[in-house]
Structures are given as structure tokens and as C-alpha cells.
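**Q** show me the folded form of this:
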Amino acid sequence: MSDNKDDNVVEGTIVPSDQLLPNKLTLIPLQGRPIFPGIFTPMMINSSDDVKVLDDVYEKDGFIGIVMAKNDEDSPSVEDLHRVGTVARIIKKVNLPDGGINIFISTVKRFKIRKTLHNTTPMSVAVEYLEDEEADTFEVKALTRALISEMKEVSENNPLFSEEMRLNMVNIDNPGKVADFIASILNVDKDEQQKILEMTNVRQRMEQVLVYIKKEQELLKVQKKVQRELNDKIEKNQREYFLREEMKSIQEELGETPEGNDTDYQKFKKKINELAFEGEIKETVESELEKFALMDPNSSEYIGTRNFLELVTQLPWKAEIRDDYDLTRAKKILEGDHFGLEDVKKRIVEYLAVRKMKKDAKGSILLLVGPPGVGKTSVGRSIANAMNKPFYRFSVGGMRDEAEIKGHRRTYIGAMPGKVIQGLKITKSLSPVFMIDEVDKMGSSHNGDPASALLEVLDPEQNVAFRDNYLDLPFDVSNVFFILTANTLDSIPSPLLDRAEIIQLSGYIDQEKLEIAKKYLIPKNLEKNGLAKNQVKYTKAALLEIAEEYARESGVRHYEKCLDKIHRKIVTEMIFEDEKNAQAAVAAEGAETSGKSADQKSEVEKSEILKKTFTIDAGDLYKYLGKPDFDESQIKVAAVPGTAIGLAWTSMGGDTLLIESTYFPGKGGLVLTGQMGDVMKESSQIAFNWARKFVLERGSKKAKWFDENIVHLHIPEGATPKDGPSAGITMATTFVSLLCNKKIKPNLAMTGELSLTGQVLPIGGLREKTVAAKRNKIKTIIIPKANERDLEDIPDHVKQGIKFIPVSNVREVLEIALGIK
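**A** Here you go, the predicted structure:
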């Protein structure tokens, strides 16, 4: 050999190829898996830069370094490659028509990059070759046999392993090369293969490869199980299909009508063809129909698919949208169905007029807000009657699952569509009136937020293609007229409020309840209890006393229960009296003459008794209704110094509050009781501090007095939570009344928020508070100056007999209530 050969080559000797490896290598990056030593494999090179590099190497010694890249960069540098790779010799090079080349390489040995000579293409590095750390022990031999044995089992069950691979595996005698060969053909992640490549300890390498073989065996077992189950199912379905076709042919030969899902299939197919679906709906429905035709009627999927197709064919996809109602008739219906509520009826008529003028039903949402029993649901039903549209009502009170609105996915057993789609199926109309009750009482849970689901239903931008989870097809619900009801606006999400036209329904005063009872409640309840019209009559005094002493709430629901109770007792009396007279008649006639004539006489007497009329006066109410729920003693009166009457608003309507205060020796301070909320507590503290400053300025009390006495403020009915700032001036008046030892004027109530400087700020719910004051026989109400404009919204018959005094400063309140300037 010549002198310029490598120093490790001795002249005149034969040296193995792996000892003639160069110390400097040109690198080719691999984007796929690493290549192990001892492998003969082809490689396709498409990069023009790499093609040029390989041409130069092939012309020289033919050795290249193959290293896997750490990432998928198009032009990696040496820093982007792993540190361990494989040196390979190019055996053959074939040029391809597209400019690339196909090379056949024989990998020789592992190497580790020692130094970077050129960082980018052509990448050149100085390398250090890695030797296997072999241990000729029984354990390594045992591992070699285990590897070959386990791999044979894998290769026999996997058609991807060729016979040539199996022979190569058996003919390799070196344990390290056995591990390398098996690692190269296993379906292992490329990063895991790189870790095996970097292992020089043969025993560790073989143990790691054995772990991967075991994983492959488990995967093959699962694969075989899945394949077997799939084949069994396919064979069963094919067999059942052929048997059904054969049965169908036999039935046709015998002239019998086919049974099972064939008749259902024809029925659904006919309806679907009539509906003439398009696009996504057509594709989905026809796909489900074809699957339905091949299903076994006894399978669980059959029932689910049948229910789906039944829903699709029953929905009003092509129903006519009608908005041809008569506004005059609509107004008459509203007037006939409801007494009072003039503002409400006026706004509804205006709303319907605009809807008719615009001829656009989209985005129609009303929100009726008011205490229980004021007629929110009946107003909604009257709107549906006035518009000649079907009415559908459902409640969302206490609902915590959004699937109630949007439906369950059909993957669940017992899945159902949501309330909206169910309503459309029942009404069979594209433009019905939907009433959604109790929207202020929705909750949320791990099953979702129904309020958010309701937003999608009510949003006119989204509901043109509303997608129920069960139906999973776009359905236009924009023509539905939605009416929502609630007792309060506080708990309704603001996005939901933004989408609705809000109409407030306040409570009824006693005179209104009297008229409602005469026109609606009494005739309806008489019929309910089997009594004739006008069979039970009421005096005006009786009806007023029911309202004042038995049913003092904002609505008329409890009033109706009182009437029902009276009528039940009257019917019971009549039946007992009739039976008693019939028995007496039979006894008088005697057993031998109690034939047909006695029966006829009994029937005559019975009919006369049941036609008996009753007149209920105020004095009869105790007999039928018992002791009054309310009496004069329950009317709140500020009879002693340190008390005042305030007005409050709740979800049940307006109410009066008697606020009491007293003092006793102590270390000073303010004690609050009566279940006050945080806002009311802050308001009481402001009122106390203002009153303290006021009496100190007047000289009514000295500063030392407040250090030696504790002031106690209490609002009765302690079991009822109370909150809000509108009792501010009432509490300030209570404190000044206590500290100055003066009673407020009789039949006086007040409402208004108090600021620290004594300003009286506006409040809400003035109409409801006025109704409550009238029920409590209040004659004068002090209100904030800023609420003076709200008096226009209160009907005249409600304001009748009440004097309203607007104020802007609490000093004016004290002058009116206590005569203190």
C-alpha cells in the first residue's frame, strides 16, 4: 500500500472494512427513522444539494455519515442533528429522471460527532467510532435466543415481515447486530429508535428491544381480536341481509305484505321524497335511511334510527308561515281575557301592529316580568289566540342541563331532542308562539348552562340555522314568536335581556281583584266545581274582604284558591243534604212502596237541592275560609318613637316594611337584626351616621351619649331576607325619631336611597310599592324627586286616595314626617 493511506493500515496485511473507516465524514441528514449498522438498504435523495454531495463522495471513498435530524427543518445544520449516527458505504448509485438519485448503502458502524468542520451543506465533521460493549455471558446468549424466539412469533403473525427478514435474523451471529436488526424492523417511534442507536452496551440494548417486542405482541393480539370481531359482525350482517331478502322474495311469491322495517322504510322514503330536502340535510337523511334499511329490527340502533327518521319526517320543514291576524280582533281578545293591565295590553297591541306592518316575524321576543299570579302565562296564551297561532309552553325553572334546550346527542341511550324541536314537532308550525316560563330561575351545572343555550335559540343572527344536538341538522326557528316570563330581572343574564322587549306586569290592588273575581275567577271556578252560573253569588263586601284579609298578595292565585275552597264546601253541603233527604224519603215511603215512584221523587228532590242558590256575604267568610290570614293588627303602624314605615320591592311584588329602633346602655355602636343584606347594612350605617351628625348639630343629644348607649335597628319578619338601598331615608327617619323622641305622622310611608350628604336618590319599582302602600291603607308617600316622572306610569285608580310628596334632601323628609326643621 502507498504511504498516504491511514496510519492504522499495516502494509502487507488484510484489514476488515470497518477498520478502514475515515476519521472525517460528510453527513446526510435523515428526516425519518435512523438506520442501524449492518443493514443493506436503498435511499432516495431528492435535494439538489444532497445529490451534489453524494456525487462527490461516490467519486472518492464512498463513505457517508447518516444522522437523524432533531426536527423537520428543510436545511438543517450540524447543531440540528443528533450526536450519534451510522457510517455507511455507497454500493450503487442510480440517477433518476427528476434529477434525484437512488443509492444503495451498506451501513457499517456507529459513530459520535466529535467536532464540526463545516456546519452547513456540505456538512463535514470529525467523528469517533463507537464500539459495542459486549459481555460473552450466558445472560447475553439467553437474551439473544429470547429475541429471536419472540421475534419469530411476531413475524409469523404479521404479514409485513417477509421470509427474507426471518432468514436474516436467524443467520446473524453477533448479539449486538441481532438487536440492531430487530430494532430496525419494529414499528417503534423514531426517537425511541435513536435511543437504541445511542446504546453501546449490548445487554441494555437487547433488553430494551425485548420490551418493544412484547409491546408489539400485545398490539398484535388486540389487532387480531378487533379483526375477528369485525369479521364476525360483517358475516352476521351479510347473512341476515341475505335471509331477509330471501324472506322478502318468499312473501312476495305468496302475495303477503312484507313486515318489519321494510314497511317503515317505504313510509319514511315516501315522506322524505315529498319534503325534497337539499344539501347537508338531504345527504344526512338519505344516509340514515339507507342504514335503516339494512338494520336488524331487534337491534338497539334500529330504534334510535327509527326515532330520528320519525322526528325528521314530522317536523314542519315546509309549513306555511302565516301572519294575517286582525289587530282589532287581537285587541278585543286581550280586553276580553284580562281586566286592567292597560299599559301591558297597549304595548302588546303596538308590538303586534309593528310586526304586522313590517311583515317580518324574525327576532320577536317578549319578556313579561311580574310577581306570581298576575297573569303572565294567560297573557301569552291570549297573544297566541289573537295571532291565530298554535301555543306551546314549557318551563325552565330549576333547569341545570343545557340538553333540555338543545337536546342530547344520539350516541346516548334514551336521547331526545330539546324542548324547542319538540315544540315545533307538536305544533306542526314554523311560526308558533312559544312561552318559556321562569327564565329567572335557571341554574347551571357540570351538564352545561341552559341560559347560554337559550341565547343561541333567541339570537336572530344564529337561530336561522339552529342546530339541535339530537337532530344535528340546521333548522330555521327565527319565525317562532318567543314569550319569556320571569318574576325578577336580577338573575337573568344581561345578554338574554338585550335580546328581549321587556314588559312589566305589576300587582293588583283590591278593587282590581274584585273586578277580576267577578268577571273571570268566579265563573271559571263555578264550572270547575260542577256548579251552575250564578248559583253562588258574592256581595261586594265579601269580595273586598277576601282580598284584604285572606289574599293580600300581588297576584290573584291565592284569591282563586279561596274561591275554590268556598265552592268545594258548598258542594259538599249540598251533596250531604241531598243524600240525607233521599234517605228520609225512602224511609217514609216504606220498603214495599219504595219502587219506581219513590226513585222518581228522590230524583226530583235531588235536582231541586242541587239547584239551590247561595249568596256569600262578608259575615259568611269565617264559616268557609276560617280565621283571616291578615287582619287589622297586621297593618303596619309606626305608633311609637323610633319606628317608621318603608316601602320595598321583591320578586313577589311590593311590600311595606316597619323599621324599629331602640337604645340601651352600653359601649356605643349600632346593632342590626332582621336578615339584612350587605347593601342594606351599608345603607343603615350611612343613615345612622347622618342622623348622629344631625342630632349633634341640633343639640338633641351630646357626643358622650353615643359612647354610653348602643342603638339597635330591627326589621321584623326576620326569617325573610331583605336587601337594597331604598330604605335609606326610612332608617334615617327612624333614628332621628328615636333620638328626638318624636312619632312620625300616621298613614305615612317613604322610599328613597340616602347619600352620606343627605341627598335622596332615585329608586325602582315605584308602581309595585304604591300598590303595597294602598293595601296597607297608606295615605301619604314620600318619594325621591327624581322618581316624580314615574308617577305617570301608575294608573289613576292606583294613585287615587294617595298623596305623593317628592323630596330631594332628607331634611325635607324629617320636616314632613316629624315636623323637625
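**Q** toward the C-terminus, what is the element adjacent to the longest strand along the chain?
**A** In terms of residue count, the longest strand belonging to the chain (DSSP state E) is strand 101-118. Downstream of strand 101-118, the next assigned helix or strand under DSSP states H and E is strand 124-129.
**Q** and for that next one, what's in contact with it?
**A** Under the criterion C-beta atoms under 8 Å, 6 or more residues apart in numbering, residues 21, 23-27, 65, 78, 87, 109-118 lie in contact with strand 124-129. From N, CA and C alone the C-beta is placed, and that goes for glycine too.
**Q** from those residues, list the buried ones, please.
**A** 21, 25-27, 65, 78, 87, 109-111, 113 (16 or more other C-beta atoms under 10 Å).
**Q** which parts of stretch 26-35 are buried?
**A** Neighbour-count burial for stretch 26-35, counted by 16+ other C-beta under 10 Å, picks out 26-30, 33-35.
**Q** and which of these is nearest N237?
**A** Of all the buried residues of stretch 26-35, R33 has the smallest distance to N237: 39.7 Å, by C-beta to C-beta.
**Q** so that closest one, which of the three states?
**A** coil (DSSP: H, G, I helix; E, B strand; the rest coil).
**Q** next one: the one 10 residues further on
**A** Secondary structure, three-state DSSP: M43 is strand.
**Q** secondary structure element holding S506?
**A** Per DSSP H and E, there is no helix or strand for S506.
**Q** strands along the stretch 601-750 of the chain, start to end?
**A** 614-616, 643-650, 653-665, 669-673, 709-714, 748-750 (DSSP state E, counting those that start in this stretch).
**Q** in CSV: these, plus mean pLDDT and mean neighbour count.
**A** Formatted as CSV, the strands of the stretch 601-750 of the chain follow (pLDDT from 0 to 100; neighbours: other C-beta atoms under 10 Å):
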stretch, mean pLDDT, mean neighbour count
strand 614-616, 89, 15
strand 643-650, 87, 25
strand 653-665, 87, 20
strand 669-673, 91, 15
strand 709-714, 92, 19
strand 748-750, 94, 26
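**Q** could those strands go into CSV alongside distance to F292?
**A** Converted to CSV, those look like this (distance: least, C-beta to C-beta, whole Å):
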stretch, distance to F292
strand 614-616, 64
strand 643-650, 55
strand 653-665, 55
strand 669-673, 68
strand 709-714, 70
strand 748-750, 69
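**Q** what's the closest of the ones you listed to F394?
**A** strand 653-665 (24.8 Å).
**Q** that closest one - contacts with which helices or strands?
**A** Packing contacts for strand 653-665, counted by 3 or more C-beta pairs under 8 Å, 6 or more residues apart in numbering; DSSP states H and E, involve strand 643-650, strand 709-714, helix 728-740, helix 766-775.
**Q** distance to E792 and pLDDT for the buried ones among the contacts of strand 124-129 - can I get that in TSV?
**A** Output for the buried ones among the contacts of strand 124-129, formatted as TSV (distance: C-beta to C-beta, whole Å; pLDDT from 0 to 100):
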residue	distance to E792	pLDDT
L21	102	86
L25	96	90
T26	94	89
L27	90	90
G65	93	92
V78	86	87
V87	97	93
K109	99	90
R110	95	91
F111	95	93
I113	90	91
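**Q** out of these, flag the one nearest to G407.
**A** Using C-beta to C-beta, those come closest to G407 at V78, 58.9 Å.
**Q** need the pLDDT of G255.
**A** Among the per-residue scores, G255 holds a pLDDT of 58.
**Q** could you check the pLDDT of the residue sitting nearest the centre point of the chain?
**A** Taking C-alpha atoms, centre = their mean, the centroid of the chain lies closest to D449, which sits 2.5 Å from it. The score at D449 is 79. That number is its pLDDT.
**Q** thinking it is in contact with E402, fair?
**A** Yes - between D449 and E402 there is a contact at 6.1 Å, judged by C-beta atoms under 8 Å.
**Q** quick one on the thing from earlier: export the buried ones among the contacts of strand 124-129 as a markdown table, with columns for distance to E207.
**A** Below are these laid out as a markdown table (distance: C-beta to C-beta, whole Å):
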| residue | distance to E207 |
| --- | --- |
| L21 | 28 |
| L25 | 30 |
| T26 | 34 |
| L27 | 30 |
| G65 | 28 |
| V78 | 32 |
| V87 | 26 |
| K109 | 22 |
| R110 | 18 |
| F111 | 23 |
| I113 | 27 |
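**Q** return the member of the residues you listed nearest to Q204.
**A** Distance to Q204 across the buried ones among the contacts of strand 124-129 (C-beta to C-beta) is lowest for R110, with 14.1 Å.
**Q** show me what the closest one bridges to in the sheet.
**A** Assessed by DSSP bridges, R110 has beta-bridge partners T86.
**Q** surely it meets M199?
**A** No - under the criterion of C-beta under 8 Å, R110 makes no contact with M199, lying 9.4 Å away.
**Q** quick check: angle from the longest strand of the chain to strand 124-129?
**A** Using axes from the mean of the first three to the mean of the last three C-alpha atoms, to 10 degrees, the inter-axis angle of strand 101-118 relative to strand 124-129 is 90 degrees.
**Q** can you count the residues close to D401?
**A** If you count neighbours by other C-beta atoms under 10 Å, D401 ends up with 17.
**Q** how far away is V312 from V477?
**A** Here the criterion is C-beta to C-beta, to the nearest Å. By it, V312 lies 16 Å from V477.
**Q** so for the two, which residue has more residues nearby?
**A** V477 (25 against 22).
**Q** can you map out the helices along the stretch 101-250 of the chain?
**A** 138-157, 163-171, 175-185, 190-197, 202-254 (DSSP state H, counting those that start in this stretch).
**Q** quick one: the ones you listed as a markdown table, columns for mean neighbour count too.
**A** As requested, the helices of the stretch 101-250 of the chain are exported to a markdown table (neighbours: other C-beta atoms under 10 Å):
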| stretch | mean neighbour count |
| --- | --- |
| helix 138-157 | 15 |
| helix 163-171 | 12 |
| helix 175-185 | 23 |
| helix 190-197 | 18 |
| helix 202-254 | 13 |
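**Q** out of those, which gets the lowest mean score?
**A** Across the helices of the stretch 101-250 of the chain, the lowest-scoring stretch is helix 163-171, with a mean of 52.
**Q** hmm, L473 is touching E283, no?
**A** No - counting by C-beta under 8 Å, no contact exists between L473 and E283, whose distance comes to 10.1 Å.
**Q** who has more neighbours out of these two?
**A** Under the criterion of other C-beta under 10 Å, the comparison of L473 against E283 puts L473 first, with 19 against 11.
**Q** not counting sequence-adjacent ones, nearest residue to the more buried one?
**A** Leaving aside its sequence neighbours, L473 sits nearest to I281 (C-beta to C-beta, 6 or more residues apart in numbering; 5.2 Å).
**Q** that neighbour: which element?
**A** Going by DSSP H and E, I281 is part of helix 279-293.
**Q** what angle do whatever helix or strand comes next after that helix and helix 279-293 make?
**A** On the C-terminal side of helix 279-293, the closest following helix or strand by DSSP H and E is helix 300-314. Taking the same axes, to 10 degrees, helix 300-314 and helix 279-293 form an angle of 140 degrees between their directions.
**Q** name the helices or strands packed onto helix 300-314?
**A** Looks like helix 300-314 contacts helix 261-275, helix 279-293, helix 419-427 (3+ C-beta pairs under 8 Å, 6+ apart).
**Q** ok, 7 Å please
**A** Based on contacts counted as 3 or more C-beta pairs under 7 Å, 6 or more residues apart in numbering; DSSP states H and E, the elements that helix 300-314 packs against are helix 261-275, helix 279-293.
**Q** so can I have TSV of those showing distance to E73 and mean pLDDT?
**A** Formatted as TSV, those follow (distance: least, C-beta to C-beta, whole Å; pLDDT from 0 to 100):
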stretch	distance to E73	mean pLDDT
helix 261-275	54	80
helix 279-293	41	86
